[in-house]
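Asks: can't give you the sequence, but here's the structure:
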């Protein structure tokens, strides 16, 4: 070497750094560490591989408000499912019909009252 003192100093510095590193990393000596280094070891995954692209119309104007509303809805669903646990084993109809939610007509339940049939003071009669 052209400058033997400089090369000796650099070598001594490198050895001392190695000793400091090995002293710090003693607890890692028996851990299974990869011995082969690959070109892409330090590369991160691409963002588009992890996340879908958001379009401008998909992003809510108030993201915190929408997140709070979503969380409230989920908590209400959980509360409802917890309240309805006792109904889980009850015989519930499995077939849904078109007219399930229709109510009976009033005229099918009650006769029409004529004006002359109604007494003037219904509580006294």
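Replies: In hand now; what should we look at? Quantities reported herein were computed from a predicted structural model and do not represent experimental measurements.
Asks: Model confidence score at residue 93, please.
Replies: pLDDT for residue 93: 76.
Asks: What separation do you get for the residue positioned nearest the centre of the chain and residue 62?
Replies: Centroid-nearest residue in the chain, with Cα atoms, centre = their mean: residue 71, separated by 9.3 Å. According to Cβ to Cβ, to the nearest Å, residue 71 stands 14 Å off from residue 62. To be clear about C-beta, it is placed using only N, CA and C from the backbone, and glycine gets the same treatment.
Asks: Assign a three-state SS to the residue nearest to the centre of the chain, would you?
Replies: Three-state call for residue 71 (DSSP: H, G, I helix; E, B strand; the rest coil): helix.
Asks: From the structure, what's the count of residues near residue 91?
Replies: Look at residue 91: counted by other Cβ atoms under 10 Å, it has 5 neighbours.
Asks: cool, and the one 4 residues further on?
Replies: Counted with other Cβ under 10 Å, the burial measure for residue 95 works out to 5 neighbours.
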